[in-house]
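> for reference, the sequence and a predicted model appear below.
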Amino acid sequence: MKIAAIIPARYASTRFPGKPLAILLNKPVIQWVYEGVKKSRLVDEVFVATDDKRIQTAVEEFGGRAIMTSEEHKTGSERVAEAARLLPADIKIIVNVQGDEPLIHPEMISQLVVAMADNARIAVATLKYPIGSWDELWDANAVKVITDISDCAIYFSRFPVPYSKKLWEAQKAGLSLSKEEWEGYFWRHIGIYAFRRYALSQFSEFGPSGLERKEQLEQLRLLEHGYKIKVVSTNYNTFGVDTVQDLKKVSDILERRTIKGVR
């Protein structure tokens, strides 16, 4: 069984146009992502799926491989699904790593692949990490996930789930609770997915669902159609680049890692 990672990257981001090509410590963001994924010991092939020739050119210039896709896709997984149709049949698992994740750690990918390999019934797997601060808890860009006793997703939301009356009353009053009062109950979803090939194909065929449109979260499409999503807890945090300000934050993190000799 072979495994491919596909990195969806589009130029026309609403909040940060051209962010895959934004320079981060002398390299474009998309190169940081590509090189991080390439370090995974379990991935056989790595591709960037894009709808923009400028991104394709940049990827090929640093030695990567790019697949051109339609401009019509609304989600990264739809773009990945189109690219996956061009891959050889012996590739059975597709890992979707967003093109704005320059801090991706290769072990995060390994955790997903191992979860899939250990249980043939798992069609889709993703990651979660403990919410670390009160501000993150209320940040709509930090997606939350709740799971069942088998660590399969019950729901994803941009709001804090599960509901806590004490927590909401504190927020309405402009207060914050100590970390000890809520730590361990709230998890942030890390938007990296491993799909069995048939599940990725079906995701694309289903089309956007009602909850997906409400929350603007593509993974809800799968839950609404009855798919179970395995959610693996990881010790590796990441930080996506959504804005120009995020680029500076990630730059500072990478510089500190360089000083420590981590990367």
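Received it, and whenever you're ready, just let me know what you need. Residues are numbered from 1 along each chain as shown.
> quick one: the strands in the stretch 151-263 of the chain?
Counting by DSSP state E, counting those that start in this stretch, the stretch 151-263 of the chain has strands at residues 153-157, 187-196, 229-233.
> so the longest one versus strand 229-233, what angle?
Yep, that's strand 187-196 we're talking about. Computed by axes from the mean of the first three to the mean of the last three CA atoms, to 10 degrees, the angle separating strand 187-196 from strand 229-233 equals 130 degrees.
> just checking: what are the partner strands of strand 187-196?
Paired neighbours of strand 187-196 in the sheet (DSSP bridges): strand 91-97 (antiparallel), strand 124-130 (antiparallel), strand 144-147 (antiparallel).
> columns mean pLDDT on top of those, output as JSON lines?
What follows is the strands paired with strand 187-196, written out as JSON lines (pLDDT from 0 to 100):
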{"stretch": "strand 91-97", "mean pLDDT": "97"}
{"stretch": "strand 124-130", "mean pLDDT": "97"}
{"stretch": "strand 144-147", "mean pLDDT": "97"}
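> nearest to residue 27, of the ones you listed?
Among these, strand 91-97 comes nearest to residue 27, with 16.5 Å by CB to CB. Where C-beta positions appear, they are placed from N, C-alpha and C, glycine not excepted.
> on that earlier part again, out of the strands of the stretch 151-263 of the chain, which one sits most buried?
Neighbour counts (mean count of other CB atoms under 10 Å) averaged over each of those peak at strand 187-196, with a mean of 23.
> so residue 7 sits against residue 47, correct?
Yes - in this structure residue 7 lies within contact range of residue 47 using CB atoms under 8 Å: 7.1 Å.
> neighbour-wise, which of those two wins?
residue 7 (30 against 23; other CB atoms under 10 Å).
> mind listing what's buried along the longest helix anywhere in the chain?
Counting residues, the longest helix in the chain under DSSP state H turns out to be helix 244-260. Neighbour-count burial for helix 244-260, with 16 or more other CB atoms under 10 Å as criterion, is recorded at 246-247, 250, 253-254.
> and that helix, C-alpha only, in CSV?
Extracted in CSV, the C-alpha atoms of helix 244-260 (Å, rounded to 0.1, in the frame of the first residue of the first chain):
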residue,chain,number,x,y,z
VAL,A,244,0.1,38.9,7.1
GLN,A,245,0.4,39.1,10.9
ASP,A,246,0.5,35.3,11.1
LEU,A,247,3.4,35.3,8.8
LYS,A,248,5.4,37.3,11.3
LYS,A,249,4.4,35.0,14.2
VAL,A,250,5.5,31.9,12.2
SER,A,251,8.7,33.6,11.2
ASP,A,252,9.5,34.2,14.9
ILE,A,253,8.8,30.6,15.8
LEU,A,254,11.0,29.3,13.0
GLU,A,255,13.8,31.6,14.0
ARG,A,256,13.7,30.3,17.6
ARG,A,257,13.7,26.7,16.3
THR,A,258,16.7,27.5,14.1
ILE,A,259,18.6,28.9,17.1
LYS,A,260,17.8,25.7,19.1
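> cheers, nothing more for now.
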